[in-house]
Every structure is written in C-alpha cells, then in structure tokens.
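Student: Attaching a predicted model along with its sequence, questions to come.
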Amino acid sequence: MPTTKRCGTETAGNKAIGGVPRIHYFDFQSRGRGQVIRLMWEDAGIAYDDTRYSFEEYPDYKKTRIMEMNPTTKIPVVELNGRILTQSYAILRHFARKLGHYDGETEEEKYWADAMCDIVIDWRFVFIQAFFADNMEETYPEHQKTARPRFLKALETHLKTHDLSTSGPYIIGKNITYADMVLYQICHDENLTQEGRKGLKDYPRLAELVDAVEARPKVKAFLQSDSSMIKRSKKNICPWFNFINRWIVTGVADFNALAHRKRSLASAEGGNYNIGLSHVKGGVVTRFPPEPSGFLRVGHAKAALLNDFLAHGKGNWNLICPFDVTNSSEESQKFEDSIVDDL
C-alpha cells in the first residue's frame, strides 16, 4: 500500500494556494521531478500530504487510481480541493503564480526562468533515456561523456553571461525561481551535487547556484530530514541508483580495458572469424548451405564465416543443408562433396 505523510503545518502559504495539497509520486527518496515540487513547498512553508508508491506496487495503482486522476498515467499528480493538477513543470509554474513568488517579477525574468527550465527538460529527457535503457552500462557512460557535458557547458555559459544571471547566485539574480529548483534537482539526480561538488568542479557558476539553493534554511532542513529520504523497502531502487552511478564509469572502463586486452591477444594470434555467435541464446540454426572452400565467391563471404564456426565447434549449432537448392546445371557432385568435406 502507498504511504501518506503530512509534512509541515498550515501557514499563510497554504491560504495563498487554497488549502493543503497532496502529491502522488514514487518512493524515490530525494530524486525525480516530484522532488522539485516538494522543494518549492518546503521553501514556501506550505504544509502538504506526501503519498508515495513503491516501484513494485505502482503498476497496479497506475491502472486504477492514477489513471482516474491523469489519463496519461504519469506522476507526479497533485490534488488540491478536488482539483487534479498534472505535468510537473506546469504544476511548479501554477504554484509560483499562486504564491506571487518563484516566477520572476518582470516579463524578462519570467522568460529567462522558463528558458533555463526548458534546457533542463531537454537534459532530463536524454538522462532518463540513457539511465533506464536496457543496455545502460553502455548508454549511461556515453551520456556522461557527451550529452551531459554539453548541457552543463550551455547552462554554465548562460549563467556567466546573461545580465540577469550575473547579478546574483540564482538564474534571475538575487531572487530564487522554480527554475533554480529544477536545475538544482537535475544536478542532484545526476550525482553532481555530492562528494563536495566534485561533478561540478569545471562549472563554478552552477556550483554557486547549487550552494545557494541548499543554503536556504527551509530547504537545508528538509534535505537533512527523513521527509526527503523516506525509506520503505530494502527493494527500493534508490540504493541501486546510487551504487550504479558511483560504479558505472570505472566499472565499464575496466570491462572495456579487459575486452581490449583480449582483442589484442586474439589479434596477435592472427585473423579469425569469431564474431560472437557462440553467445546467441538457444544456439544457431543455419539453413543456408555453406559454400565449399574451393567455390567461395565474394557474395558468399558470410558462408565462409559459418564454415569456420562449424569446423571449429564454436557455439551450439544445428545445421540444415538443403542441397536441392544448388544449381545442378552449373555445379557438379564435387560441389556437394566439398561441402561435406569442409564440415
């Protein structure tokens, strides 16, 4: 069953937004788009009900309760006075306007906050694609080396050069906006805020923004509290998320180095046709008659590879040789005999 916890006590902030909201989100500890909404509410002193779903139970609720609230079945979802609010960034902007804060005062400030938020949306999309891919041991290190630095450099440049961003630690200068929290959260989710900001050592302006967000008294208290890191199950995905983030760069590098050494040794022994078919699950069935050595043509190079695999016992093979498909008008019995001899 999902858990629900009341966080905080009602204040003028609750009156400004019209009551006590309830957020539905994963039991994802301090990560994800739902956490940004919590950050804003905590900073504004808003009491809220926090309903969290484990990853194991969420699929069942997704088909029932969540679908009733949001046809896309996506969370976070916020309930407030019988109204349903969806889409995390729209939710943030909605409450920023309700509070008369976190959204900038001038049209220029509002635009700049929105623009920086949109960059983070693009970043988060590629981050999630890379991290949750089936072959994440390949896609996530590649993301860390290519896409992520591209976004970091762009954001760092904007913060260092835009006239609003140069007037204070936040995106629009001295006043925090929802976009600062969005930017902070993606840095946190990518493990760039941990270990003394080691991941941001080449991006001092971004590090300054992260420090400014975390230094806000209510945010600091929240991040140090149990409310930001509810732990419900040993099966919770977050410990694995943290472990993989720490391990994956060095781990994959070690695997690649080992593979490189093996390839180097194989190369030193001479050429070979080993293309890894021995790893095919369930073995291989070839229905194409392998070409005999003496009849090899350029168009049948793949047949030569199959010949070699079969001859040297590589892999779990079943072979069907349909000799009736040979062109008897052009090939002789020697053709068939040569195939049998090769095998």
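Tutor: Perfect, I can see it now. Numbering: from 1, shown residues only.
Student: Which elements pack onto the helix or strand encompassing residue 129?
Tutor: Per DSSP states H and E: residue 129 is located in helix 107-131. Secondary-structure packing of helix 107-131 (3 or more C-beta pairs under 8 Å, 6 or more residues apart in numbering; DSSP states H and E): helix 88-99, helix 136-145, helix 147-161, helix 178-189. The C-beta positions use only the backbone N, C-alpha and C, and glycine is treated the same way.
Student: most neighbours per residue, which of those helices?
Tutor: Mean neighbours per residue, mean count of other C-beta atoms under 10 Å, is largest over the helices and strands packed on helix 107-131 for helix 178-189, with a mean of 25.
Student: Name the residues that touch the very next helix or strand once past that helix?
Tutor: Once the chain leaves helix 178-189, the next helix or strand it forms, by DSSP H and E, is helix 204-215. Helix 204-215 has contacts (C-beta atoms under 8 Å, 6 or more residues apart in numbering) with 39, 152, 155-156, 159-160, 165, 169-171, 176, 180-181, 183-184, 187, 192-193, 197, 200-201, 219-220, 223.
Student: What residues sit buried inside helix 204-215?
Tutor: Residues 205-210, 212-213 are the ones in helix 204-215 that count as buried (16 or more other C-beta atoms under 10 Å).
Student: okay, the angle between it and helix 147-161?
Tutor: Orientation of helix 204-215 against helix 147-161 (axes from the mean of the first three to the mean of the last three C-alpha atoms, to 10 degrees) gives an angle of 90 degrees.
Student: Compute the inter-axis angle for helix 204-215 and helix 178-189.
Tutor: 100 degrees.
Student: Give me the next element, helix or strand, following helix 204-215.
Tutor: Helix 204-215 is succeeded, C-terminally, by helix 217-223 (DSSP H and E).
Student: ok, and what's touching that next one?
Tutor: For helix 217-223, the external contacting residues (C-beta under 8 Å, 6+ apart) are 30, 38-39, 42-43, 45, 213-214, 228.
Student: Pick out the least confidently modelled helix or strand of this structure, by mean pLDDT.
Tutor: Least confident element among the helices and strands of the chain, by mean pLDDT, DSSP states H and E: helix 237-268 (a mean of 55).
Student: What is the burial count for the closest residue to residue 12 other than its chain neighbours?
Tutor: Once flanking residues are discounted, residue 12 sits nearest to residue 45: 7.9 Å by C-beta to C-beta, 6 or more residues apart in numbering. The local packing of residue 45 (other C-beta atoms under 10 Å) involves 14 other residues.
Student: Count the residues that sit near residue 27.
Tutor: 22.
Student: Can you add distance to residue 50 and mean pLDDT and give the helices and strands packed on helix 107-131 back as JSON lines?
Tutor: Shown next, in JSON lines, are the helices and strands packed on helix 107-131 (distance: least, C-beta to C-beta, whole Å; pLDDT from 0 to 100):
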{"stretch": "helix 88-99", "distance to residue 50": "14", "mean pLDDT": "97"}
{"stretch": "helix 136-145", "distance to residue 50": "29", "mean pLDDT": "93"}
{"stretch": "helix 147-161", "distance to residue 50": "29", "mean pLDDT": "98"}
{"stretch": "helix 178-189", "distance to residue 50": "16", "mean pLDDT": "97"}
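Student: Can I get these in a markdown table including distance to residue 120?
Tutor: Formatted as a markdown table, these follow (distance: least, C-beta to C-beta, whole Å):
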| stretch | distance to residue 120 |
| --- | --- |
| helix 88-99 | 9 |
| helix 136-145 | 15 |
| helix 147-161 | 8 |
| helix 178-189 | 5 |
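Student: out of those, which comes closest to residue 75?
Tutor: helix 88-99 (8.7 Å; C-beta to C-beta).
Student: List the neighbours of the closest one that are in contact with it.
Tutor: Outside helix 88-99, the residues that touch it by C-beta under 8 Å, 6+ apart are 13, 16-18, 33-34, 36-37, 40-41, 44, 76, 78, 85, 102-103, 114, 117, 121, 177-178, 181-182.
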